[in-house]
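Engineer: Predicted model follows, preceded by the sequence.
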Amino acid sequence: MESEEGESSIPFQLQFDKPIPFQIKIAEWNPEKDLLAMVTEDSKILLHRFNWQRLWTISPGRPVTSLCWRPDGKAIAVGLEDGTIALHDVENGKLLRSLKPHDVAVVCLNWEEDGQSNTDEIGKVSVYEDRTSRFFPPAPRAPKMPGVVAGDSSFMDDGEDSLAELSNASFRKFNVLCSGDRDGSICFNIFGIFQIGKINIQELSVPVASLDGHASCKLFNATIYKVALSKDLCRLVVMCTGELRDCSIEPKEEKLSVEDLHGLHCLAMDTSIFWKRKNELHQVAQQASNIEDLTEVIRESLSVMSKQWADAMKTFHDKFHSLSTLITDNGLESSPQEEFLSLLGGARISPALNQFLVNSLGEVGVKRVLKSVCGTGKELQLVVLDHLQPAAEIIGFRMGELKGLSRWRARYQGIGLDEKLLDEATENAGLVLVQVQRFMMVLSSVVQQFSNFFNWLLKSIKYLMQEPNDQLISYNSELLVVFLKFLYDQDPVKDLVDFSEADDDIEIDLKTSERVKQLIQFGGFSDTDFLRRTLAKEFQHMESSFKGALQMPFTTISKKITCMKLLPLCPLQLSTTQTRTTIPMSLSFYKDELCADTPSESGYTDYISFQVPDESFPDIQNCIGIAKGFKQNTNNQTNDYTSLEAVLLSVPNGYHCVDLSLYKDKELVLLMNETSTNPEGSGEACMMVVQTGDLPFISISRDSCLNQWELEDLKSSIVCLEMENEKVRKVPHSTIAPLAVSASRGVACVFAERRRALVYILEEDEDDEEEVAEDK
Amino acid sequence: MNGRYEIALLCLGMMHFRFGHPNLALEVLTEAVRVSQQVSNDTCLAYTLAAMSNLLSEMGIASTTSVLGSSYSPVTSTASSLSVQQRVYILLKESLRRADSLKLRRLVASNHLAMAKFELMHVQRPLLSFGPKASMRHKTCPVSVCKEIRLGAHLLSDFSAESSTMTIDGTLSSVWLKDLQKPWGQPVLSQESGSRKSSTFFQFCDHLVSIPGSVSQIIGASYLLRATSWELYGSAPMARMNTLVYATLFGDSSSSSDAELAYLKLIQHLALYKGYKDAFAALKIAEEKFLTVSKSKVLLLKLQLLHEHALHRGNLKLAQRMCNELGGLASTTMGVDMEQKVEASLREARTLLAAKQYSQAAKVAHSLFCTCHKFSLQIEKASVLLLLAEIHKKSGNAVLGLPYALASISFCQSFNLDLLKASATLTLAELWLGLGSNHAKRALDLLHGAFPMILGHGGLELRARAYIFEANCYLSNPSFSVSTDSDTVLDSLRQASDELQALEYHELAAEALYLMAMVYDKLGQIEEREEAATMFKKHITALENPQNEEPNMA
C-alpha cells in the first residue's frame, strides 16, 4: 500500500506491478470476488487472486476466443474457436458443462442476470418451486467406465457438488448467457446450460427510416464484435461489422450504398421476451436442462453396460469355443448344447465333452468364467438400480411437470411449450420406465441361469474326475435346459442395450401383446408395439421426441427476438475487418434515474464507446465515439429512439488510445499510450477516467437515413480531452490491450508490453479499499 | 415336531387377520413372538414381527390396547407409552434388522416396502418426537419413501443369493414346455437357431424370465406403491406410468389382488382425467377379468364411480343409494376397513352438501373428523377439513370456511399432498372472493400460485373449477375490462366447459356457459351468446331432470 499523502495527488492507487510470463489476450474480473481470469496467447486460462497468487491454470486444448463470468461469480464461461462454450468451476477450473451452440468461433460472451427482484410476491414460492428435490434423492450421476485412467475421469469426482449446484437453479435468479460468433449468429442460453434461442443478424430485417417511410435492410457478411444484454434482459446491443443493404431495392441500383455502408454498426435488439416471460422460462429451463443431464446419464449407463457385458461374454465365448472344435475334431455332428444335454440326461458323455471339461476347461476355468460373467452381471444390475432406473424415474417426473406447465396455455404457450409434443415425450418416458424394468428382469434371469450352468459344470467336472461333489451348490436342471436351449449361444443382454443394433424386432407372444392392447382401454400406452423395441432404441426414441418438444420453445423464442434499430457508426476498409480486435470498444448499461415514469419498462440506458478508426473519416482522427440511449419507448411508437445521442472525444495530443472500458457511474476508463518517439518502447502510458455524464451529447439519428454514417455529423463538435481536467494516472510502461476494469470491485488491471501486469484501485473510497484489502 | 409350533402360530395369526379378527390375530402373533424367542428361531421371529407391523398398520387401533402382552421385551417395554404408529415403526425396524442379518432377501425387500408405506403416511421419526426440540420438522419425508422403494427393488439383483429361490415355481416349466410343442419349423436344438434373431428373442423375453413369482410380486408391489405415492403427492403422469409398468410387465404373473388394484387405479385415473364414459367401459372389462378374485374391490370402485357420476349429473337419489351401499360393504367391526368407512361417510357428507343440507353435512363431516383423529388417519383429515371448508363456502359463510381451508392447507403441507393442497388453495381463493370483490386480486394470485399443480395434475373437475373461478376473478375485478381482455376470460371458460362436457357435470357446465354468454353479451357477439345460452339451457334441463338420462350402468 502506498502512503496516504499520495492519494490526493495521484488518483488511483497502484496495488502492485508484477511480471507475468505470458502474453494476455483476454482478462476479466470476477463480478463478486477479487479474482481475475486471464487467457494467454497460447490459450491457457489462468485465475489469479487480487494479490496475484495463481489459483489454477487450465488449457482447454483449443484456442480460446472469449471469456466471461457467470453473474454470481462461481463459474466461467469460455468460448472456443470451434463454437463450443465451456463452463468451468471457479474453485478448481474443472469443466462443468460444455455445449456447442455455434459452428464457428465464439467471439464474445455476455452473461447477464435479471437485476430486478421479482415483482409478484404472492405465489412466487409455490408457482416456481421445483418439486423434484423434495420427492427424489439427488439425481444419479453417470456411472464410471471401468478401466478408465483416473486422471481422465477426475473431473467427475469432486465436481459433483458444483455440478449439482449448476443444475439446481431453483433458488437462483434468472440469467441468460448470450454468445456471438464470427458468422453473425447469437445464441441465448438460460443459466448458461439451456439453449433457448439463436438468431443470425444477417437474417434480420433491419428497420431503417428512409425518405419514403420505413425500408427494410439486411446486413451482409456480418461479424459480431461484442454483445451486451441490459440488466433487465429487455435489450441486446450488438456491435458488428457488415454491409448494410436495402433488400427491397435491387442490388444493382444500390451499388453506391453498398460500398458506403460497409463498416461498424451497432444493433439494438428487442429481447423483452426474456423479461416478460422470465418466470416461465426459468421453470422450463430448469426442468429441461435437468432432463438433458439425465438423458446423458442414461446414455452413459447404457454404453458402460454394453461394454462391460461384451467383455464378459468374450471371456465366456473364448473359453467355450474350443468345445465345438473338439466336437468336429472327434468327428461328431452334434452341437455343444446337445452334448451338454446328453450329459445332463446321464445318457453318455462324448470324449470331446469329457476332454473339454476335464482338460481344457477344468475347475479353475469354470470358476474364472463364473466370476467374470456373474460378477459383471452383478455390476450391470447395480448400474441399472443406481443409475439407469433412478434417472429414468426422475426424467418421467420432470417430463410430467413440464407437461403440466404446458397445460397452462395462457402463460406457457407464449414461449412455445407445446402440450401435444410434451404429452408424447412423457409417454415415451413412461415406455422407457417399462423397458428398464424389463431389461432388469432379463438381466437378472440371465445372471441366475449362467450361475446355475456354471454350478452344474463344476459338479460335473468333479463327477468326471470321480471326486466327491456333495459340498457344491446344487443346481436346477430345468433352468439348465432352458439355458442350453435359449441362452447358450444367444446374448439378449447385449441385444437390449446395444445402440448399434439396427432393426431387429423383439417378437412378443400373443398373450402379452393382447394384454398391452387391452390396456389401451384402461388408458395405457397408445403405442402397443413398444415391447418389440430394445431398451436402447426406446431410449433414443424418447430422446428424439423430447428434443422435438424442446425445439418449439427454441424457435418460438428465436422468432420473438427482433431488431429494433440499427446505427451505422463508421466505415471500415475491408482489410481491417481481419484485425478487428484492434478496435477497442465497450458496452455498458446504466440505471437511468429519469425513467421513473415507466415502471414496467426498463430503467436502463445503454452506453456504447469505441475508438473511431483513423481510416474511417479523414477528418476525424484519434477520436473516441460515445453513443447512448437506445431506449425504446414502447408507449409511443412514433417517438422511437428520440433519446439517441452521441459525442466524439478527441484523445489528447501525444497519446493514442490502447483500450477503453466503461466503468460505473457513467465513467469511461481510457488506457492511452504515449505516441512513443523512441522505438525501444520504453514509453509511458496513462489511464484516464472520463465522466461521460458531463459530456455535451448531441442528439442524432432522429431521421437518419440509410447511406449515412452517424458520426460524420458530429465532426464539427468534437470534444477535446485535456489531461489537466480529468483524473489521470501515469503508467510507467507502454501498455497493451486488454484493459480489465471491474465496476463492481473498483479495480483495473493493465498489461504492459514487457509482460508486466499492473493492478490499480480505481475506487477512492476508504471503506471500499479496506474491504478490498480484507478480501484477499 | 420341534420348531414348527411357532410357524403354525404365525400362520394362524395371519389367517385370523385375513378373516377379519385383528385382535385375535395380534394375540396369536404375540404368542408366536414369544415361542420364537424361546426356541431362538430368528427367521420365524423376523417374519412374525413383519406380520405384526403389517397388521398394526392396516387395522388401525383407536387407543393403546393391552393386547401386546408382556412377552416380547424390546417391543413391550416401550410399547405401553408408545402410539400404534411408533410401535409399527419399531416392529418394522426390528424385523428389517433381523432379516438383514439372516439374509432373508425377500423379507428385507418387503420390509423396505412396508417402511416406505409407513413413511408415506407418517411424519418421519416418530421415535424422536419427544422433548421440546423434536417438533421442529413435522413433515413427511418423500425422499426417504423413494429411497426405501428403491432399496426394495434391489431384491431383483440379489434374490438368487437366497438359496430357497433357486427352486423354480411350477409355472416356469409349463410355460417353456408348452413352447417346445409349438411348431416353428425348427428342431429343438437346431444349430441354425441364430439365423433369425427375432425368433430367439421371442423365446427369451417371455419364457426365459425365470424370476420366481414371489420375487416378481414384491417388485410389482413396489411399482404399485410408487403409483400410490404419486397419487398422494400429486403427479398424475407418474402415477399412471408406474401403474402401467405394473400392468404391462407383472399384469398376469403375480398376485391377482395386486393386478386388480393396478387395473382399478387405471380406471380411477380414466374417470378423473378422461371422463366417465371411458371409465365405465374399462370397468366392464375389469369386472370380467377379476370375477374370481375374492373380496373384490371392483364393486367398491363401481359404486364410487356411480356415486360420483350421480353427484355430477345431479341425481341425488341415486347418489344417496350408492352411498348407502358403500357403507354397507364395509365390515361392522370397528377398526377394520377403516378406509372404506371413512370413504363412505365422506361421500355421505358430499351428497348432503349437494342436496344443500348444510348443517347435516357439517355434522357428518365433524364426526368423520373425530373418527379420523381417533384412528390417526392424517391424510383423510386433510380432505375432511377441506370438505368442511367447502360446506361453509357453499352455505355462504366464507369467514367460517377460511380457518378450515387454512388448516387443510397446513395438513397438506406437512404430508406433502401437493394436489390436495392445490385444491385447498382453490377453495381458499374462492372463500376470499366470497368475502367481496375487493379481494379478487388476492384470490387470483392465490389461484395462479396453485395453477401449475391444478392444471398439470388435477382431474377434469378440479381444472374446470379453477378455470371458471379464474374467469370469475377477472370479471369481478373492477379494473378489468371485458372489451379489451375478453380472450383471457373466454379461453378459460371454453376450456372449462369442454372439460365439463366429458364429466357430464351439469351444474358447473351451466355456470361456465352462463358466464360465457354474459361475456359475449357485453362484447355484442349475439350469435355466440345465443349458442352459449342454448347450451346453458340444455345443461339446466338435464340437471333438473336427472331421471331422463339412463345411467350408463346400474
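Structural biologist: Nice, thanks for sending it over.
Engineer: worst-scoring helix or strand of chain B, pLDDT-wise?
Structural biologist: helix B:73-79 (a mean of 42; mean pLDDT, DSSP states H and E).
Engineer: Could you identify the helix or strand that succeeds it?
Structural biologist: As assigned by DSSP states H and E, the chain's next helix or strand after helix B:73-79 is helix B:84-102.
Engineer: Could you check which residue of chain B lies nearest chain A?
Structural biologist: Nearest to chain A in chain B, going by Cβ to the nearest Cβ, is residue B:456, at a distance of 1.7 Å. In this view, the C-beta of every residue, glycine as well, is placed from N, C-alpha and C.
Engineer: That residue belongs to a strand?
Structural biologist: No: applying DSSP: H, G, I helix; E, B strand; the rest coil, one finds residue B:456 to be helix, outside a strand.
Engineer: Write out the residues of the stretch 501-650 of chain A neighbouring chain B.
Structural biologist: A:504-509, A:511-512, A:515-516, A:518-519, A:521-525, A:531 (Cβ under 8 Å from any Cβ of the partner chain).
Engineer: what about 7 Å?
Structural biologist: By the rule Cβ under 7 Å from any Cβ of the partner chain, the part of the stretch 501-650 of chain A lying against chain B is A:504-507, A:509, A:512, A:515-516, A:518-519, A:521-525.
Engineer: Which among the residues you listed count as buried?
Structural biologist: A:504, A:506-507, A:512, A:515-516, A:518-519, A:521-525 (16 or more other Cβ atoms under 10 Å in any protein chain shown).
Engineer: how about a markdown table for the residues you listed, with distance to residue B:427, secondary structure and pLDDT added?
Structural biologist: Shown next, in a markdown table, are these (distance: Cβ to Cβ, whole Å; DSSP: H, G, I helix; E, B strand; the rest coil; pLDDT from 0 to 100):
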| residue | distance to residue B:427 | secondary structure | pLDDT |
| --- | --- | --- | --- |
| A:504 | 54 | coil | 64 |
| A:506 | 49 | coil | 73 |
| A:507 | 53 | coil | 71 |
| A:512 | 45 | helix | 79 |
| A:515 | 41 | helix | 83 |
| A:516 | 40 | helix | 85 |
| A:518 | 38 | helix | 86 |
| A:519 | 35 | helix | 87 |
| A:521 | 34 | helix | 87 |
| A:522 | 31 | coil | 88 |
| A:523 | 28 | coil | 86 |
| A:524 | 33 | coil | 85 |
| A:525 | 34 | coil | 87 |
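Engineer: any idea which of those residues is closest to residue A:49?
Structural biologist: Using Cβ to Cβ, residue A:525 comes nearest to residue A:49 of those, at 56.6 Å.
Engineer: Correct me if wrong: that closest one contacts residue A:430.
Structural biologist: Yes: the pair residue A:525 / residue A:430 is scored as a contact, 6.4 Å apart, by Cβ atoms under 7 Å.
Engineer: what do the two both touch?
Structural biologist: residue B:244 (Cβ atoms under 7 Å, 6 or more residues apart in numbering or on different chains).
Engineer: Alpha carbons only: can I get stretch A:92-99 in CSV?
Structural biologist: The C-alpha coordinates for stretch A:92-99 follow below in CSV (Å, rounded to 0.1, in the frame of the first residue of the first chain):
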residue,chain,number,x,y,z
ASN,A,92,-10.7,-25.6,-9.4
GLY,A,93,-11.2,-24.8,-13.0
LYS,A,94,-12.9,-28.1,-13.7
LEU,A,95,-15.1,-28.4,-16.7
LEU,A,96,-18.7,-28.4,-15.5
ARG,A,97,-20.5,-28.5,-18.8
SER,A,98,-19.8,-27.9,-22.4
LEU,A,99,-22.2,-27.2,-25.2
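Engineer: Next up, the contacts around residue B:469.
Structural biologist: B:426, B:429, B:430, B:447.
Engineer: Determine which two of those residues are furthest apart.
Structural biologist: B:430 and B:447 (8.7 Å).
Engineer: one step back: so which of the contacts of residue B:469 wins on neighbours?
Structural biologist: Tallying neighbours with other Cβ atoms under 10 Å in any protein chain shown puts residue B:429 at the head of the contacts of residue B:469, with 27 neighbours.
Engineer: That residue against residue B:445, yeah?
Structural biologist: No: counting by Cβ under 7 Å, residue B:445 is not a contact partner of residue B:429; they are 8.4 Å apart.
Engineer: who's in contact with the nearest residue to residue B:501 once chain neighbours are set aside?
Structural biologist: Nearest non-adjacent residue to residue B:501, counting by Cβ to Cβ, 6 or more residues apart in numbering or on different chains: residue B:509, 6.7 Å away. Residue B:509 makes contacts with B:497, B:500, B:501, B:539, as judged by Cβ under 7 Å, 6+ apart.
Engineer: Quick check, pLDDT for residue B:509.
Structural biologist: pLDDT, residue B:509: 90.
Engineer: can I assume residue A:142 sits in a strand?
Structural biologist: No: counting by three-state DSSP, residue A:142 is not part of a strand but coil.
Engineer: distance of the residue nearest to it when sequence neighbours are not counted from residue A:143?
Structural biologist: Spatial nearest neighbour of residue A:142, chain neighbours left out: residue A:300 (3.6 Å); criterion: Cβ to Cβ, 6+ apart. Distance, residue A:300 to residue A:143, by Cβ to Cβ, to the nearest Å: 7 Å.
Engineer: Of these two, which one has the most company?
Structural biologist: Neighbour totals were compared for residue A:300 and residue A:143, and residue A:143 leads with 23 against 19 (other Cβ under 10 Å).
Engineer: The more buried one touches residue A:304, doesn't it?
Structural biologist: Yes: assessed by Cβ under 7 Å, residue A:143 is found in contact with residue A:304 at 5.0 Å.
Engineer: re the thing from before, what is the nearest of the buried ones among the residues of the stretch 501-650 of chain A next to chain B to residue B:399?
Structural biologist: Once Cβ to Cβ is applied, the member of those that ends up nearest residue B:399 is residue A:523, at 41.5 Å.
Engineer: show me the residues around the closest residue to the closest one other than its chain neighbours that make contact.
Structural biologist: Of all residues beyond its chain neighbours, the one nearest residue A:523 is residue B:270 (4.7 Å), with distances taken as Cβ to Cβ, 6+ apart. The contact partners of residue B:270, by Cβ under 7 Å, 6+ apart, come to A:522, A:523, B:278, B:279, B:282.
Engineer: Residue 231: neighbour count?
Structural biologist: I went with chain A, as the question did not name one. 20.
Engineer: Wait, chain B was what I had in mind.
Structural biologist: Using other Cβ under 10 Å: residue B:231 sits among 22 other residues.
Engineer: what about it, helix or strand, and which?
Structural biologist: Since the elements are taken from DSSP H and E, residue B:231 ends up inside helix B:213-233.
Engineer: and that helix, how far from the chain's centre?
Structural biologist: 12 Å (Cα atoms, centre = their mean, to the nearest Å).
Engineer: For the one helix or strand residue A:352 maps to, name the packing helices and strands.
Structural biologist: In the assignment (DSSP H and E), residue A:352 maps to helix A:351-355. Contact partners of helix A:351-355 among helices and strands, from 3 or more Cβ pairs under 7 Å, 6 or more residues apart in numbering or on different chains; DSSP states H and E: helix A:278-329, helix A:336-345.
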